[in-house]
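1. from the sequence below, what's the structure:
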Amino acid sequence: MMQKETIEKFLKKNYLISPDFFEEYAPNDELSVTLDPENKPLILSKDLFFIFKKNKKVAEINWLEFEKSRALLEKGRDTKIYEHFLDILLYDLNTEKKKAIDHIVQDIKQPDPIILVEKDVIVPSIVVLDSFRGEVIQEKDVMSFVHHFKFRYDSLKDILMQRPELQNTLSISKLLTRKEKSSASLIGIIQDKRITQNGHVLLTLEDPTGFITVLINKERNSIFTLAKDLVLDDVIGVTGAGNGEIVFCENIFFPDVPVTKESKKCPDDVAASFISDIHVGSKQFMEKEFLRFISWLNLTIEKDIEIAKKIKYLFVLGDLVDGVGVYPGQYENLFIKDITAQYDKLAEYFSTIRKDINIILCPGDHDALRLAHPQPVLDKKFARKLWELKNITQVSNPSFVNIHSSQQFPGFNVLLYHGHGYHYYFDAVDSLKKLDTPHNPRHIMKFLLKRRHLAPTHTSTIYVPDHKEDPLVIKHVPDIFTSGHLHKSDVSFYNNICMINCSCWQSQTEFQVKEGNFPDPAKVPVLLLQRGEVEVLDFND
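-> Numbering: from 1, shown residues only. Below is the predicted model:
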């Protein structure tokens, strides 16, 4: 009878109960964890219930992928993926609690065959924490965009509210009732921005309850500089003094990524390499240089061979092929004029890479997918041969993955984004213009990390409004943020986050000549995970 009541109790919370659940559950047990209702597991097993009882907050992971990994575990087909998910979930628990869960995993696992393994062998791991699953797009209307922006506002407001200066934030509707000028703090989304005749910045700030005017005086040099770089649809925090008519701004706060004491250092001496914009099929595709890179990965080139031996991960950040019909007149610039043949040729190249290297692929604007963000994984109809390669993990654009986690180390969280929306900000933001950002991508990457959003302004890129969330919000703080699109190699650190913009494998096109864009091809950043340092290798002649 107790089991029936328990099942009904958890059904009301939208959980199904696994058959082993009652091995861990005791009467009156409650969940202490708080989860996003739109992103939580469907099935409660005994191991998951154990974790949820012990933690008030657990790592945000892709629960669909978690449940797929458990299904593979129960079938005896793959134990590693499930264990890596558990490692991430258990990382904040102390040693005794970790020991307590070991028996749970052992109970589920099928016996593994006895294999003699060399001592100190390094086992790579990839866990997809967040990747767009490509649901069928329902008909969209104005309210779809309203809900989309509301989700964005709520997500970024939660981050901003962690700042002590914004703890006593008022809603705009409450501020509008004030008659006398007094101190105020508020969080809103920028609905309008303009420069007054006297040179001050005037914002119209919006939250779900209303609108209010915010003035940033040009004499306040530090915040005025920040204000000039604000873009439409930024979600910001503001402190100042005001009444129901206007707020005189004293400080501006971005969601931003927190400062960590130091970058992560991996216990294993391994490395990850990063490439982008291969453009297979283009007449400008630099095949000779690309094959030289593959030969280096395969340890047949002596130069920097000690670094090549360490490579266990290869990230590929979109524009894998040149595509067909991407821009007017492209057909005449193609060496391979069929999209499937382009992907087949890329699969041929990748199939020759040594199999202990794990390849993580995300698409870009030249790939055979919708342009709208988020872009799903590559279409199997066109890229079937890539899907057949066992050492390739396909993810969406953008996506979030964890690499090289273990029971002793939480792994590196990597944010992947091709970067198709970058160009808008070069024209819209004065400071990015002055810094020549198209040739120094680190500045746009830092700009977006501060805003915790990959395309804050509505018109900066094409996107599909989501009924559950804004997929372009940077929900998790990455250890590595990597992108491409600009055909420029650039490496930097911001708040100990490693920012890597990838080079390309295409020489300058006629379109780039017209645009004054000079690519920096055949450069490969390699992140040495044990030292936290980046080497940029050149595969040009």
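2. so where is the protein shaky, pLDDT-wise?
-> Residues of the chain meeting the criterion pLDDT under 70: 1-2, 32-39, 54-65, 72, 74-81, 83-84, 86-123, 134-138, 261, 515.
3. in it, which residue is closest to the centre?
-> Leu415 (3.2 Å; CA atoms, centre = their mean).
4. just checking, Leu389 touches Glu348?
-> No: with contact defined as CB atoms under 8 Å, Leu389 does not count as touching Glu348 (10.2 Å). Every residue, glycine included, has its C-beta placed from N, CA and C.
5. quick one: which of those two has more around it?
-> Neighbour count, other CB atoms under 10 Å: between Leu389 and Glu348, Leu389 has more, with 15 against 11.
6. re the thing from before, measure the residue nearest to the centre of the chain to Ile159 for me?
-> 15 Å (CB to CB, to the nearest Å).
7. with Phe66 instead?
-> 24 Å.
8. and if you look at Gly281?
-> Gly281 is 41 Å from Ile159, by CB to CB.
9. show me which of these two is the more surrounded one.
-> When Gly281 and Ile159 are compared for neighbours, Gly281 comes out ahead with 25 against 21, by other CB under 10 Å.
10. tell me who's in contact with the more buried one.
-> 321-324, 334-337, 339, 341-342, 345 (CB atoms under 8 Å, 6 or more residues apart in numbering).
11. now flag whichever of these is closest to Ser185.
-> Gly323 (47.8 Å; CB to CB).
12. that closest one touches Asp338, doesn't it?
-> No: between Gly323 and Asp338 there is no contact under CB under 8 Å: 11.0 Å.
13. neighbouring strands of the strand or helix carrying Phe248 in the sheet, and parallel or not?
-> Secondary structure assigned from DSSP states H and E places Phe248 in strand 246-253. Strand 246-253 has the following strand partners under DSSP bridges: strand 210-216 (parallel), strand 235-242 (antiparallel).
14. buried residues of the longest one, list them for me.
-> Going back to what we said before, that points to strand 235-242. Residues 235-240, 242 are the ones in strand 235-242 that count as buried (16 or more other CB atoms under 10 Å).
15. skipping adjacent residues, who's closest to Leu446 in space?
-> Heads up, residue 446 is Lys, not Leu. Tyr494 (4.7 Å; CB to CB, 6 or more residues apart in numbering).
16. which residues touch that neighbour?
-> Tyr494 touches 257, 442, 445-446, 449, counting by CB under 8 Å, 6+ apart.
17. check Asn495 too.
-> 256-260, 449.
18. how near is the residue nearest to Lys446 to Val259?
-> 9 Å.
19. what does Val491 give?
-> From Val491 to Val259 the distance is 19 Å (CB to CB).
20. between those two, who's got more neighbours?
-> For Val491 and Val259, the more surrounded residue by other CB under 10 Å is Val491, and the numbers stand at 21 against 9.
21. for the contacts of Tyr494, give me CSV that also has neighbour count, distance to Pro19 and secondary structure.
-> Below are the contacts of Tyr494 laid out as CSV (neighbours: other CB atoms under 10 Å; distance: CB to CB, whole Å; DSSP: H, G, I helix; E, B strand; the rest coil):
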residue, neighbour count, distance to Pro19, secondary structure
Val257, 21, 42, coil
Arg442, 18, 52, helix
Met445, 26, 47, helix
Lys446, 19, 49, helix
Leu449, 23, 44, helix
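22. so can I have a markdown table of the strands paired with strand 246-253 showing distance to Gln394?
-> As requested, these are exported to a markdown table (distance: least, CB to CB, whole Å):
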| stretch | distance to Gln394 |
| --- | --- |
| strand 210-216 | 43 |
| strand 235-242 | 31 |
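23. which strand in the chain has the most residues?
-> strand 182-195 (DSSP state E).
24. by contact count, what packs against that strand?
-> The contact analysis (3 or more CB pairs under 8 Å, 6 or more residues apart in numbering; DSSP states H and E) places strand 182-195 against helix 142-160, helix 172-176, strand 201-207, strand 210-216, strand 235-242.
25. output those in a markdown table, with distance to Lys193 appended to each entry.
-> Listed next are the helices and strands packed on strand 182-195 as a markdown table, based on distance: least, CB to CB, whole Å:
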| stretch | distance to Lys193 |
| --- | --- |
| helix 142-160 | 16 |
| helix 172-176 | 17 |
| strand 201-207 | 5 |
| strand 210-216 | 10 |
| strand 235-242 | 11 |
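26. to Val534, which of those lies closest?
-> Using CB to CB, these put helix 142-160 closest to Val534, at 27.6 Å.
27. buried set for the closest one?
-> Here helix 142-160 shows 147-149, 151-153, 155-157, 159-160 as buried, counting by 16+ other CB under 10 Å.
28. now, which of those residues sits nearest Glu5?
-> Using CB to CB, Phe151 is the member of those that lies nearest Glu5, at 34.9 Å.
29. next up, the contacts around that closest one.
-> So Phe151 contacts 466, 468-470, 473 (CB under 8 Å, 6+ apart).
30. contact partners for the residue nearest to Asp20 when sequence neighbours are not counted?
-> Spatial nearest neighbour of Asp20, chain neighbours left out: Lys46 (4.6 Å); criterion: CB to CB, 6+ apart. Lys46 makes contact with 18, 20-25, 104 under the criterion CB under 8 Å, 6+ apart.
31. now Glu165: how far from Val238?
-> In terms of CB to CB, Glu165 sits 10 Å off from Val238.
32. which residues do those two both contact?
-> 185, 251, 253.
33. which one of these has the most neighbours?
-> Ser185 (21 neighbours).
34. my read is that it contacts Pro164, right?
-> No: when contacts are counted by CB under 8 Å, Ser185 is not listed as touching Pro164 (10.4 Å).
35. run a quick neighbour tally on the nearest residue to Val324 once chain neighbours are set aside.
-> Excluding its sequence neighbours, the residue lying closest to Val324 (CB to CB, 6+ apart) is Ile339, at 4.9 Å. A count of nearby residues for Ile339, using other CB under 10 Å, gives 21.
36. and Ile339, what is it in contact with?
-> Ile339 neighbours (CB under 8 Å, 6+ apart): 281, 321, 323-324, 368, 382.
37. change it to 10 Å
-> Applying CB atoms under 10 Å, 6 or more residues apart in numbering to Ile339 gives the contacts 281, 321-325, 367-368, 379, 381-383.
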